[in-house]
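J.: Have a look at this prediction, sequence included:
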Amino acid sequence: MIQLQRNYGNALLDGELSQPPIHTYQEYLTLAQIPHCEGVSARVVDALHQRVGRTDLSIEQIASDLHLTKRTLQRRLQSQNTNFAQLRDDLRFHYAIKYLIDDNMSVDLVSRALDFSDRTSFTNAFKRWTGLSPSTFRKLFRDYQA
C-alpha cells in the first residue's frame, strides 16, 4: 500500500501532520503585517485598503479602480513576482486579527467585512494563516490590548 503525504508547511511527525506552533499575540501581529510593496503592487494594496470592510475585494473591482483590465493587472503583478490573491490574502490576514481582537467583531461580521463567500471560507483561511480557528484565536488573545 502506498501512502501519499502532503506537507503544507507543517512538520511531518510519524507520517502525520503535527500541530502548528501557537505563537504569542505579538508574533501573530508580525506575521500579519502587510509587506512593503512598490509599483502596481502598492497601488493594489492601497485600493484594497480603501475597499476593505465596505465593498467587494475582487480582482475585477480592484482592476477597475486602477483603470486597468483584469489581465493587465495580472501581468503587471506577475512582472513583480506576486499575484492578486496573495496581496489580498495578506491584507485579509492583517484585518482579520484587527477585527477579531481590537474591534471585537463576530466571526460572521469579519467574514463579510473581508469579502469571503461565507463563514466557512473565512474560518478555513484563518486556520491556514494561524493554525487556529477564529474563535479559538479570540479566546486565547481576547484580553490583549494592543
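T.: Happy to help now that I have it. Small disclaimer: the values here were computed from a predicted structure and weren't measured. Numbering: from 1, shown residues only.
J.: Arg75 - how many residues pack around it?
T.: 12 (other CB atoms under 10 Å). Every C-beta, even on glycine, is put in place using the N, C-alpha and C of the backbone.
J.: which strands and helices sit next to the helix or strand hosting it?
T.: Taking DSSP states H and E as the definition, Arg75 sits inside helix 70-79. Where contact means 3 or more CB pairs under 8 Å, 6 or more residues apart in numbering; DSSP states H and E, helix 70-79 is packed against helix 39-51, helix 59-65, helix 84-97.
J.: please redo it, this time with the cut-off set to 6 Å
T.: helix 59-65 (3 or more CB pairs under 6 Å, 6 or more residues apart in numbering; DSSP states H and E).
J.: Buried residues in the helix holding Arg75, which are they?
T.: Using 16 or more other CB atoms under 10 Å as the test for burial, helix 70-79 gives Leu73, Arg76, Leu77.
J.: What is the neighbour count of the spatially closest residue to the first one that is not a sequence neighbour?
T.: Spatial nearest neighbour of Leu73, chain neighbours left out: Ala63 (4.3 Å); criterion: CB to CB, 6 or more residues apart in numbering. Using other CB under 10 Å, Ala63 is surrounded by 20 other residues.
J.: what does Asp89 give?
T.: 14.
J.: where does the closest residue to it other than its chain neighbours fall, phi/psi-wise?
T.: Leaving aside its sequence neighbours, Asp89 sits nearest to Ala125 (CB to CB, 6+ apart; 7.3 Å). Backbone geometry at Ala125, expressed as degrees, to the nearest 10, gives phi -60, psi -40.
J.: Please report how far Ala125 lies from Ala63.
T.: 22 Å (CB to CB, to the nearest Å).
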